[in-house]
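Asker: give me coordinates for this.
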Amino acid sequence: MKGTKMTQKTKGAGGFRDMASTCLLGYLLILAPIMLFAGGEKLQGLERMAAQADIVFKGRVMSTIGLTNRTFPICFKPHATKLKIISVLKGTLGKDSITFIHNTEGPHGWGGGTPPPHYLLKPGRSYLIFAEKTDQPNVFRQLSGMPGREDEGAILAADDRPLTNVTIFEAHWLELSRLLTSNVPDDALHAIIKLNFMSKRCGYNSSHTDDFSRENVLDVKRPVMTNADEKVAVEAINCFQIGGGLIEHTLDYISGTGIIGAGMHAKTDSNCVSQLRPYSDLLISVASGASTVPRRVAAVAALSGIGSSSVSNALPRWLSDSSEDMRVEAVRLLLDFPGQFAEETLNKLASDKSASVRSVVADIIGTGQFVRDLPVLEKLFSDPIGLTALVPPLKMDQLQAGERWNNTGDVHTSAGMALIQFKTGQVEKILRKNLSDAGFHVSFIAKLAEDDAKPWLDQLQQILEVRFKHVQDAIRDEPLDYKRSRVDDELLTGAYGKCWEAIRHYLMTIPAKDFSSDEMNRYMDLLEKMIQKDGSWRNEPAALYELYRSKGLAERTKKIRVRYEKSQGWRFDQFDRQHAELDVEAQ
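Answerer: All right, here's what the predicted structure looks like:
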């Protein structure tokens with residue numbers, strides 16, 4: 001079992017300075033003001049929290065009350081919770097109970113990045129808690145200045161049993177392992193999710209700490225896949241998934257809408273496959289023999305990326321399953337077995353009675369680049385589902401910008417998105433034939449102009465001009481109008497940005513001596529007009545700077561430099577350093 005160094009960390013004022021822009025987390029605790037935690041982005045893990053904490057203990061909640069401070073607008077409500085001490089894992093306490101000051105959720109929504117940790121500590125339940133001292137005797141508070149997951153720093157314990165001769169890591173493992181076997185579904189779900197995020201998920205670690213080995217976590221969850229509770233079992237199975245939609249957990253899956261987002265699939269690292277192989281036979285058994293569809297679907301999704309002969313042998317049975325959700329997930333597995341079988345199966349299932357299956361067939365043809373199935377994809381693009389009316393929640397302006405939601409079941413949209421994943425030469429005839437499609441006109445023009453924009457310059461220019469007018473009209477609408485919230489300062493979102501870049505790329509091919517013409521000036525004026533006001537988070541200002549510097553256009557270079565110096569100056573400087581020869585040529 002993993003150990004930790006319990007070194008004391010000196011606490012400075014920095015942890016209390018950075019307040020989220022949307023609210024000020026200031027609270028008064030009885031007599032003294034206490035600021036509780038500034039939100040951040042990086043998870044800490046047990047070792048770093050233990051280093052900062054003055055006290056780490058297991059305690060049973062005796063009571064909890066809200067604290068009131070009307071002086072500050074708050075996103076989280078402060079509480080004072082009294083706990084009876086069961087075991088102390090770090091530090092010393094002179095009494096058998098303490099008061100713990102912490103955030104709880106509400107009353108207002110959090111509008112920043114990663115929210116500060118906040119805990120709902122229930123009377124009668126026990127918790128493992130990391131805490132800091134306050135200026136008041138026997139009063140502690142949640143860790144300050146350290147970001148984390150919502151409940152990081154106060155984790156539910158299985159029961160009231162004391163902990164003796166264990167490290168902080170061992171204590172957490174013990175409590176979560178006990179919770180896994182709980183007859184209370186919510187307790188088991190809590191343990192599944194916590195263990196999932198406290199181990200590095202192979203390939204996808206941005207939201208995971210490294211407290212426990214993934215192998216140990218998967219081993220302890222193996223029996224939970226057959227739990228009597230549906231949500232618990234599905235949640236446990238989802239933790240084995242390393243490819244496909246990369247879903248962390250899906251407590252709302254039981255609605256029967258499927259697990260993986262349309263068309264989502266990731267190439268699975270060989271090390272990740274090795275990690276999952278010991279469980280593949282069990283997952284195949286669940287996928288083929290579980291009593292409920294959600295469990296079987298989750299197991300099929302978890303097999304994404306394995307690509308073993310055992311999976312391929314079972315795949316035909318899943319592809320012909322009576323459940324459309326099973327067929328949907330089975331179709332996604334075809335990405336692991338490219339070749340004649342996949343091509344023929346996709347062709348066959350393009351006529352499936354289920355629109356969800358047909359839309360995912362289109363997704364997989366595009367994602368897998370199944371060129372031989374392009375006639376199938378063209379046929380699916382004419383499917384009536386999504387052709388005359390989009391499937392919610394997708395809206396027309398989103399589709400025109402080349403965006404999509406998880407619209408599994410929107411066959412027309414899936415097929416259109418799949419078409420533009422191919423090389424231009426492979427789909428040019430299909431795209432040209434369907435340029436009148438209202439939802440895909442912009443995306444298809446952008447795709448056709450990808451390699452050679454010259455034949456499409458007039459249409460590209462028209463698209464951007466129409467887009468500019470649309471945005472200006474929307475900005476004049478009421479502040480809460482849907483159109484304004486979608487397009488204000490987002491001129492070049494999605495496919496519109498590709499159209500912009502197609503024109504700029506074309507200009508990069510034109511000799512510098514030809515840039516004095518009215519035509520060139522018209523294109524450059526349009527490119528400049530289409531960049532949002534500050535350009536702070538987009539690439540277009542730097543791309544335009546590259547064009548002007550490369551063509552020796554001093555006045556336009558200066559204009560871009562002045563306009564975007566504050567947000568893009570470092571990019572301009574970097575380009576100048578890397579292309580010092582341009583200064584020599586100018587001389």
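
Asker: isn't there a strand covering Gln426?
Answerer: No. Per DSSP: H, G, I helix; E, B strand; the rest coil, Gln426 lies outside any strand segment and is helix.

Asker: correct me, but it touches Leu374?
Answerer: Yes. Gln426 is in contact with Leu374 according to CB atoms under 8 Å; the separation is 6.8 Å. For the C-beta atoms, the positions are set from N, CA and C on the backbone; glycine is no exception.

Asker: tell me which of these two has more neighbours.
Answerer: Leu374 (19 against 13; other CB atoms under 10 Å).

Asker: residues in contact with that one?
Answerer: When contacts are counted by CB atoms under 8 Å, 6 or more residues apart in numbering, Leu374 touches 365, 422, 426-427, 430.

Asker: okay, now Met508: neighbour count?
Answerer: 12.

Asker: ok, and the closest non-adjacent residue to it?
Answerer: In this structure, Met508 finds its nearest non-sequential neighbour in Leu547, 6.0 Å apart by CB to CB, 6 or more residues apart in numbering.

Asker: what ranges does the stretch 451-587 of the chain have for its helices?
Answerer: 457-475, 482-487, 495-508, 518-529, 540-550, 554-578, 581-586 (DSSP state H, counting those that start in this stretch).

Asker: for Ser312, find the nearest of these.
Answerer: helix 495-508 (37.0 Å; CB to CB).

Asker: got the angle between that closest one and helix 457-475?
Answerer: 140 degrees (axes from the mean of the first three to the mean of the last three CA atoms, to 10 degrees).

Asker: now for helix 495-508, which elements pack on it?
Answerer: Counting contacts by 3 or more CB pairs under 8 Å, 6 or more residues apart in numbering; DSSP states H and E, helix 495-508 is packed against helix 441-448, helix 457-475, helix 518-529, helix 540-550.

Asker: list the contacts of that helix.
Answerer: By CB under 8 Å, 6+ apart, the residues outside helix 495-508 that reach it are 400-402, 442-443, 445-447, 449-450, 453-454, 456-457, 460-461, 463-464, 467, 492, 515, 520, 523-524, 526-527, 530, 540, 543-544, 547, 550-551.

Asker: one more time with 7 Å
Answerer: Outside helix 495-508, the residues within contact range by CB atoms under 7 Å, 6 or more residues apart in numbering are 401-402, 442-443, 445-446, 449-450, 453-454, 457, 460, 463-464, 467, 492, 523, 527, 530, 540, 543-544, 547, 550.

Asker: strands along the stretch 151-300 of the chain, start to end?
Answerer: Ranges of strands in the stretch 151-300 of the chain, per DSSP state E, counting those that start in this stretch, are 154-156.

Asker: pLDDT weak spots in it?
Answerer: 203-206, 243-269 (pLDDT under 70).

Asker: okay, how far is it across stretch 83-101, tip to tip?
Answerer: 11 Å (CA to CA, to the nearest Å).

Asker: give me the buried stretch members for the longest strand along the chain, please.
Answerer: Using DSSP state E, we find that the single longest strand of the chain is strand 76-90. If you call a residue buried by 16 or more other CB atoms under 10 Å, then strand 76-90 has these buried ones: 76-83, 85-87, 89-90.

Asker: near the nearest residue to Gly368 once chain neighbours are set aside, how many other residues are there?
Answerer: Of all residues not flanking Gly368 in the chain, Leu335 sits nearest, at 5.1 Å (CB to CB, 6+ apart). Residues contacting Leu335 under the criterion other CB under 10 Å number 21.

Asker: over to Val357?
Answerer: Neighbours of Val357 (other CB under 10 Å): 23.

Asker: tell me the contacts of it?
Answerer: 324, 327-328, 331, 349.

Asker: so the protein: which segments form each domain?
Answerer: As assigned by automatic domain parsing, the chain contains the domains 13-159, 531-587.

Asker: per-stretch mean pLDDT over those, give me the minimum one.
Answerer: Out of those, domain 13-159 stands lowest, with a mean of 73 (criterion: mean pLDDT).

Asker: returning to what we had before: list buried residues within the contacts of helix 495-508.
Answerer: The neighbour-count test (16+ other CB under 10 Å) applied to the contacts of helix 495-508 identifies 401-402, 442-443, 445-446, 449-450, 453, 457, 460, 463-464, 467, 492, 523, 527, 530, 540, 543-544, 547, 550 as buried.

Asker: and Ala301, how far from Glu403?
Answerer: 24 Å (CB to CB, to the nearest Å).

Asker: neighbour count for the two, which is higher?
Answerer: Set Ala301 next to Glu403 and count neighbours by other CB under 10 Å: Ala301 wins out with 29 against 16.

Asker: doesn't the residue nearest to Gly368 belong to a helix?
Answerer: Yes. The assignment for Leu335 (three-state DSSP) places it in a helix.

Asker: so it sits against Thr367, correct?
Answerer: Yes. Using CB atoms under 7 Å, Leu335 is in contact with Thr367, at 6.3 Å.

Asker: if we can go back for a sec, figure out how far the longest strand of the chain is from the centre of its chain.
Answerer: Remark: strand 76-90 is offset 33 Å from the chain centroid, using CA atoms, centre = their mean, to the nearest Å.

Asker: go on, stretch 445-464?
Answerer: Worked out by CA atoms, centre = their mean, stretch 445-464 lies 32 Å from the chain centre.

Asker: do stretch 458-478 as well
Answerer: 30 Å.

Asker: need the contact list for Ala171.
Answerer: Contacts of Ala171 by CB under 7 Å, 6+ apart are 89, 128, 163.

Asker: number of nearby residues for Glu528?
Answerer: Neighbours around Glu528, by other CB under 10 Å: 16.

Asker: ditto for Ser320
Answerer: Neighbour number of Ser320 under other CB under 10 Å is 13.

Asker: distance of it relative to Lys469?
Answerer: 51 Å.

Asker: tell me the pLDDT at Glu501?
Answerer: 97.

Asker: picking that back up, show me how to select, in PyMOL, the buried members of the contacts of Val357.
Answerer: Command for PyMOL, covering only those of the contacts of Val357 found buried under the criterion 16+ other CB under 10 Å:
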select buried, resi 324+327+328+331+349
